[in-house]
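Q: how would this look folded up:
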Amino acid sequence: MRALFPMYDTPFQFMVREESGIRSVGELNGRRVGIGPQGGTSGAYIPEFFKVLKFDASLAHGDWAELANQVQAGALDALAVAAGVPFPSFNDLERKGKVRYLPLTQQQILDLRLAMPELGASVVGAGSYPSLRSNYGTVGLYNFAVAHRDIPADLAYAILDAVFANHDELVEVHSAAAETVPGNFTRNTFLPLHDGASRWYQNKGVVGVIRND
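A: Here you go, the predicted model:
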């Protein structure tokens with residue numbers, strides 16, 4: 001597998017109802033936390049997060065809308081999700097009552113990134129949700145388009161040409177594509193670049209460390 005081009009960040013977000021009294025991710029120890037469908041990104045990563053952070057929580061899988069209803073009803077204490085912002089189920093809960101977003105501490109971010117090198121520091125900007133009044137610090141997974149290492153270099157090069165030449169159209173389809181720009185290739189910290197992609201960045205004068213074979 002080889003990296004081609006950057007797409008967008010997927011931040012991990014933790015939410016509770018304000019009346020729960022929970023004010024930090026650390027207070028999720030011993031709580032009931034909804035983490036989405038079995039095998040989804042949240043469902044795969046959150047159990048590993050809690051192992052690293054030494055939390056013992058009761059984790060619930062399921063459809064996000066149903067899990068959000070359980071939070072609203074008090075059957076769950078929190079939701080933990082890796083998703084684009086704004087996350088629809090969070091917006092639904094915002095409309096039904098006061099909520100709180102639980103940021104990770106700098107030490108928790110460091111511990112998670114040391115354990116899982118694919119993670120990066122991430123920020124959900126103030127105002128992304130109605131009740132989020134300040135920037136929200138967390139970790140995220142930066143999504144990349146990838147390809148088999150054996151696809152022709154000219155094909156990989158042409159794919160990057162097509163993507164970046166049509167950036168405005170991508171943003172029209174989904175605002176997350178605003179992050180799909182050449183300079184964000186440095187957000188890949190562990191996967192080698194495809195030779196064709198490496199050549200594209202070099203030819204376009206994109207500054208940074210090129211990692212390939």
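Q: Residue 96 reaches residue 71, doesn't it?
A: No: between residue 96 and residue 71 there is no contact under C-beta atoms under 8 Å: 9.5 Å. No exception for glycine: its C-beta is placed from N, CA and C like everyone else's.
Q: so after the lengthiest strand in the chain, what's the next helix or strand?
A: The longest strand of the chain (DSSP state E) is strand 2-17. Sequence-wise, the next helix or strand downstream of strand 2-17 (DSSP states H and E) is strand 32-34.
Q: next helix or strand past that following strand?
A: According to DSSP H and E, the helix or strand after strand 32-34 is helix 41-53.
Q: What pairs with the worst-scoring helix or strand of the chain on mean pLDDT, parallel or antiparallel?
A: Lowest by mean pLDDT, DSSP states H and E among the helices and strands of the chain is strand 119-124, with a mean of 92. Here strand 119-124 has these sheet partners by DSSP bridges: strand 136-147 (antiparallel).
Q: Report the separation between residue 68 and residue 131.
A: Counting by C-beta to C-beta, to the nearest Å, the gap from residue 68 to residue 131 is 15 Å.
Q: Neighbour count: these two, which is higher?
A: Applying other C-beta atoms under 10 Å to residue 68 and residue 131 shows that residue 68 carries more neighbours, namely 24 against 15.
Q: I'd assumed residue 87 was in contact with the more buried one.
A: No: between residue 68 and residue 87 there is no contact under C-beta under 8 Å: 9.6 Å.
Q: how many neighbours does residue 8 have?
A: 20.
Q: Please apply the same query to residue 54.
A: Residue 54 sits with 9 neighbouring residues when counted by other C-beta under 10 Å.
Q: try residue 164
A: Quick note: residue 164 (other C-beta under 10 Å) scores 15 neighbours.
Q: Low-confidence ranges, the chain, go.
A: Along the chain, segments meeting pLDDT under 70 span 207-213.
Q: domain assignment for it?
A: With domains defined by automatic domain parsing, the chain comprises 7-141, 144-203.
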